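Enquirer: Predicted coordinates and the sequence they were generated for:
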Amino acid sequence: MIRFFDIVFSLFGLIICFPLFIIIALFITLDSKGGVFYTQTRVGKGNKDFRLLKFRSMRTESDKKIGLTIGSRDSRITRVGYYLRRLKLDELPQLFNVLKGEMSLVGPRPEIRKYVDLYSDEQRRVLKVKPGITDYASLEYINENEILGKSSHPEKDYIESIMPAKITLNMKFINNPSLSNYFRVLLLTINKIF
């Protein structure tokens, strides 16, 4: 039943947001060189890789330097990218990932392989469900970039503190993947954004 709502909501979202996609694409193109979209390999259900789609918010090739985004004023982030990230608009293209069945609207945020390889056996339970655009961990760590921006060792702090805490919050939905919990997370997300 959750898959049914994923299809309906993602299709509806893509149709409604189409004019916004055009406006965002125009701003990205005018602001910096490079494509409108950015794809990155992430780990999905069953420990399988897939290509996550986002609006490009950083300068081309800048993600090769370091995987984590450090602070909202990371020098690699473009002017338009700053606002896309702040309003979470850079995540909108992931509705295509949901429509394709690679993701769900609600589920643990997909990680890059580098960090998944550090998971314990217990933490690997997050790979038994489809990754999502939003979940309890996304809501709790909505300002993760700012937290890391204040850290003197951002990657170390992410691996040792933030990542395990997020996985613990992921389990809240994984242990109760009900339709009511699905809608609760969606409503909490809408409330948090607006």
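Expert: Sure, I can see it. Numbers count the residues shown, from 1 in each chain.
Enquirer: Can you tell me which helices and strands the worst-scoring helix or strand of the chain on mean pLDDT packs against?
Expert: In the chain, the helix or strand scored least confidently by mean pLDDT, DSSP states H and E is helix 144-149, which has a mean of 82. Secondary-structure packing of helix 144-149 (3 or more CB pairs under 8 Å, 6 or more residues apart in numbering; DSSP states H and E): helix 154-157. Every residue, glycine included, has its C-beta placed from N, CA and C.
Enquirer: List the buried residues for the helix it packs on?
Expert: Within helix 154-157, the residues scored as buried using 16 or more other CB atoms under 10 Å are 154, 157.
Enquirer: now what about the following helix or strand past that helix, what contacts it?
Expert: Helices and strands here follow DSSP states H and E; after helix 154-157, the next one along the chain is helix 163-174. Contacts to helix 163-174, defined as CB atoms under 8 Å, 6 or more residues apart in numbering, come from residues 106-109, 111, 115, 118-119, 123, 125-126, 128-129, 135-137, 140-141, 181-182, 185.
Enquirer: Same question for stretch 186-193.
Expert: The contact list for stretch 186-193 (CB under 8 Å, 6+ apart) reads 9, 87-88, 105-106, 134, 138-139, 142.
Enquirer: quick revisit: now the contacts of helix 163-174: which count as buried?
Expert: 106-109, 111, 119, 123, 125-126, 129, 135-137, 140-141, 181-182, 185.
Enquirer: Between its first and last residues, how far does stretch 36-54 reach?
Expert: With CA to CA, to the nearest Å applied, stretch 36-54 spans 9 Å between its terminal residues.
Enquirer: average model confidence for it?
Expert: The pLDDT scores in stretch 36-54 average 97.
Enquirer: how about it: buried residues?
Expert: Those would be 38, 42-45, 50, 52-54, for stretch 36-54 by 16+ other CB under 10 Å.
Enquirer: could you pull out the helices for the chain?
Expert: Using DSSP state H, the helices of the chain run over residues 2-31, 79-86, 94-100, 113-116, 136-140, 144-149, 154-157, 163-174, 179-193.
Enquirer: sorry, back to before: roughly how far is the least confident helix or strand of the chain from the heart of the chain?
Expert: Taking CA atoms, centre = their mean, to the nearest Å, one finds helix 144-149 lying 15 Å from the centre of the chain it belongs to.
Enquirer: Tell me the spacing between the nearest residue to residue 113 once chain neighbours are set aside and residue 110.
Expert: Counting by CB to CB, 6 or more residues apart in numbering, residue 43 is the residue found nearest to residue 113 once chain neighbours are left out, at 5.7 Å. Residue 43 sits 6 Å away from residue 110, going by CB to CB, to the nearest Å.
Enquirer: Show me the common contact partners of these two, please.
Expert: Residues touching both residue 43 and residue 110 (CB under 8 Å, 6+ apart) are 50, 131.
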